[in-house]
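>>> Test case, fold it:
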Amino acid sequence: MSYLLFLDESGHDHRTMPYEVRGGVALHASELWPFVQDMQRLELASFGTTLHQFQAELKGCTLLDKDRFKWAAQESPMPDEERRKHCRGFLTKGLEKKVPIRLEFTAYGQACLEMATGTFELLRQHKARLFAAAIPCSVVKPDTYEAEEYLRKDQVFLLERYFYFLEQEKQHGLLVMDEVEKTEDRRFVRRLEAYFRKTKTGRYRSAWIVPAPFFVSSDMTYPVQAADLAIYCVNWGFRLPTRGMDAPCRPEIAEDYGRWITQLQFRGEAHRDGAVYDSYGIVFVPDPYGTK
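Okay, here's the model as predicted:
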């Protein structure tokens, strides 16, 4: 059996997010189908329907947009059936280009928060582990051969943490990525293969990490959607101030979901040059193109 690390990106458009984050959640193969079924049930219990029927997706920016918190707080929590009924009304009016009523806005906001919290609860129940690497959004890719052909440091550190986890568990690990744009996906695969084939460290880590990633469509893959939610919360609600990761948080995400991030992130031991030190699943890299 093996683990699957479902990966996604956050903040790569460099518009509104404080950081650029790549990361995701690792699930054991034995937990994958039970997790998917539980996510399906949670979606129906929260919204009364599946979002894909309304051309929507379970993403962090969908579930935890600032408006969702505002809408949810308009009324006290609704009974489940009432919330689901008004949610369906909200989604239907969205397709019809009509303006929902206040109760429908409230129901949809509450359903989104219910789904977000429930997803984190399911990740914990199914023993998921979180890995993420963040860099400043101000980083500019240099026009060099190395920047074009080699993995960035943050991506290497992300694989490093995953390797430590797999080594600890004595399990092989697969990489499952959100399919974004084929040309850029091919570039990333080329850099990934070069790392695992041409570097001593990469060859060593291929003992546990399978170097060939799988690409899936996120709107049809619940674990990738869960990964999107998790790294969205890393971007807005998790900080490592002593490492320089100190951009302002969104307080509502930091307070309500930061503890989930802290609980789910990998913690383990790393070994290097005969020394043993603590390793964590979330890493901040101020200069991903630097040599130090």
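>>> quick one: contacts for the most centrally placed residue in the chain?
Nearest to the mean C-alpha position of the chain, by CA atoms, centre = their mean, lies Ala227 at 2.9 Å. Applying CB atoms under 8 Å, 6 or more residues apart in numbering to Ala227 gives the contacts Phe6, Leu7, Asp8, Gly23, Gly24, Val25, Asp178. Every C-beta, even on glycine, is put in place using the N, C-alpha and C of the backbone.
>>> after the helix or strand harbouring the fifth one comes which helix or strand?
In this assignment (DSSP states H and E), Gly24 forms part of strand 19-28. Past strand 19-28, heading to the C-terminal end, the next element that is a helix or strand (DSSP H and E) is helix 29-47.
>>> What helices and strands are in contact with that following helix?
strand 2-10, helix 80-95, helix 102-125, helix 222-237 (3 or more CB pairs under 8 Å, 6 or more residues apart in numbering; DSSP states H and E).
>>> about what we covered before: what pairs with the closest residue to the residue nearest to the centre of the chain other than its chain neighbours across the strands?
Among residues not flanking Ala227 along the chain, Gly24 sits closest, at 3.5 Å (CB to CB, 6 or more residues apart in numbering). Beta-bridge pairing for Gly24 (DSSP bridges): Leu7, Phe131.
>>> So what's the residue count around Gly24?
For Gly24, the count of nearby residues is 30 (other CB atoms under 10 Å).
>>> Who are the contact partners of it?
If you count contacts by CB under 8 Å, 6+ apart, then Gly24 has Leu5, Phe6, Leu7, Asp8, Leu130, Phe131, Ala132, Val224, Ala227, Ala230, Ile231 around it.
>>> The fourth one against Val216, yeah?
No - with contact defined as CB atoms under 8 Å, Asp8 does not reach Val216; the gap is 10.5 Å.
>>> Neighbour count for the two, which is higher?
Asp8 (29 against 15).
>>> what residue ranges in the chain score low on pLDDT?
Applying pLDDT under 70 to the chain flags residues 14, 219-220, 292.
>>> Report the contact partners of Ser150.
No, residue 150 isn't Ser; it's Tyr. Arg191, Ala194, Tyr195.
>>> Out of those, list just those in helices.
When DSSP state H defines the helices, the subset of the contacts of Tyr150 inside them is Arg191, Ala194, Tyr195.
>>> what about the closest residue to the last one other than its chain neighbours, which helix or strand?
Leaving aside its chain neighbours, Tyr195 sits nearest to Gly202 (4.2 Å; criterion: CB to CB, 6+ apart). Here Gly202 sits within helix 200-205, counting by DSSP H and E.
>>> what packs against that helix?
helix 153-169, helix 182-198.
>>> redo that, cut-off 7 Å
For helix 200-205, the packing partners by 3 or more CB pairs under 7 Å, 6 or more residues apart in numbering; DSSP states H and E come out as helix 182-198.
>>> In the helix it packs on, which residues are buried?
Phe188, Val189, Arg191, Leu192, Tyr195, Phe196 (16 or more other CB atoms under 10 Å).
>>> quick one, it and helix 153-169 angle?
60 degrees (axes from the mean of the first three to the mean of the last three CA atoms, to 10 degrees).
>>> The residue nearest to Tyr195 against Glu193, yeah?
No - here Gly202 does not reach Glu193: they are 9.2 Å apart, not a contact under CB atoms under 7 Å.
>>> mind checking the SS state of Lys127?
coil (DSSP: H, G, I helix; E, B strand; the rest coil).
>>> you'd agree it is up against Leu32?
No - the criterion here is CB under 7 Å, and Lys127 misses it with Leu32 at 11.4 Å.
>>> who has more neighbours, the two?
Leu32 (17 against 13).
>>> Leu4 is in contact with that one, correct?
Yes - with contact defined as CB under 7 Å, Leu32 reaches Leu4; the gap is 6.5 Å.
>>> Buried residues, stretch 266-274. List them.
Under 16+ other CB under 10 Å, the buried positions of stretch 266-274 are Phe266, Ala270.
>>> what's the spacing between it and its chain's center?
23 Å (CA atoms, centre = their mean, to the nearest Å).
>>> Same check on stretch 193-212?
23 Å.
>>> now do stretch 25-37
Distance, centroid of stretch 25-37 to centroid of chain: 15 Å (CA atoms, centre = their mean).
>>> same thing with stretch 202-218?
Using CA atoms, centre = their mean, the offset of stretch 202-218 from its chain centre is 17 Å.
>>> Check which residues of it are buried.
Gly202, Arg205, Trp208, Ile209, Pro211, Pro213, Ser218.
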